[in-house]
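Novice: Below are the sequence and a predicted model; questions follow.
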Amino acid sequence: MSLPTLIELTASHQDAFLDYMDDFRRAGECDYVDDTITPQSFSKYVERLQRASAGKDLQPGIVPATTWFLWNGRRILGRVSIRHRLTPRLEDFGGHIGYDVRPSDRGHGYGSVLLCLALAKARAIGLLRVLLTCSPTNTASVRMILSNGGQLVSESPAISANNRPTQRYWIDTTR
């Protein structure tokens, strides 16, 4: 098995992507699953990701974002989306980077690898520092952010989508 790398999806990743999404379903984490993505619609999904990265056909309030998948040569281990800029809402909740690790591969350090690789991608986009937000109770995310140089700048009492406290961290991508 090869070291994990970040890839952009192509048609050759269809089965691996559908298996990745099924992993979230099996874990009961359906909020991560886009049930509209089927074998028949996968190519449209890949095109949508490419348009989002180029800033094309975006809905009002949505910023350009590039999505990569953590790939070990045979399966997708995680996903990271990097927003190219922030809106006032993203400054409070969401930040530049959103990520997830497939449920069956959590606890193996893939999140830290994913974020480390994402920071290099963010730098290549031109982001000298990035904002990440997370719940203070999400100890895995907090550890991952801190291990990649995150500096806590604030905690808001209840601004997340689920009305829970949200911590804001900045990471310098030039280090």
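Specialist: Received it, and whenever you're ready, just let me know what you need. Nothing here was measured: the structure is a model prediction, and the numbers come from that model.

Novice: tell me the helices in the protein, going along the chain?
Specialist: 14-26, 42-54, 88-92, 110-125, 139-147 (DSSP state H).

Novice: Now the fourth one: buried residues?
Specialist: Okay, so that is helix 110-125. Residues of helix 110-125 classed as buried: 110-115, 117-119, 121-123, 125 (neighbour count, 16 or more other Cβ atoms under 10 Å). (Glycine included, C-beta is placed from N, CA and C.)

Novice: now the last one
Specialist: Buried residues in helix 139-147, counted by 16+ other Cβ under 10 Å: Ser141, Val142, Met144, Ile145.

Novice: Check which helices and strands the helix or strand bottoming out on mean pLDDT in the chain is in contact with.
Specialist: The weakest-scoring helix or strand in the chain, judged by mean pLDDT, DSSP states H and E, is helix 88-92 (a mean of 89). In terms of contacts (3 or more Cβ pairs under 8 Å, 6 or more residues apart in numbering; DSSP states H and E), helix 88-92 is packed against strand 129-134.

Novice: try 6 Å
Specialist: With contacts taken as 3 or more Cβ pairs under 6 Å, 6 or more residues apart in numbering; DSSP states H and E, helix 88-92 sits against no other helix or strand.

Novice: Grab the CA positions of it and hand them over as PDB.
Specialist: Provided in PDB are the C-alpha atoms of helix 88-92 (Å, rounded to 0.1, in the frame of the first residue of the first chain):
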ATOM      1  CA  PRO A  88     -18.400  37.000   6.900                       C
ATOM      2  CA  ARG A  89     -20.300  33.800   7.600                       C
ATOM      3  CA  LEU A  90     -17.300  31.500   6.900                       C
ATOM      4  CA  GLU A  91     -15.200  33.800   9.200                       C
ATOM      5  CA  ASP A  92     -17.500  32.800  12.000                       C
END
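
Novice: Residue ranges in this protein under the pLDDT threshold?
Specialist: The chain contains residues with pLDDT under 70 at 1, 32-33, 35, 158-163.
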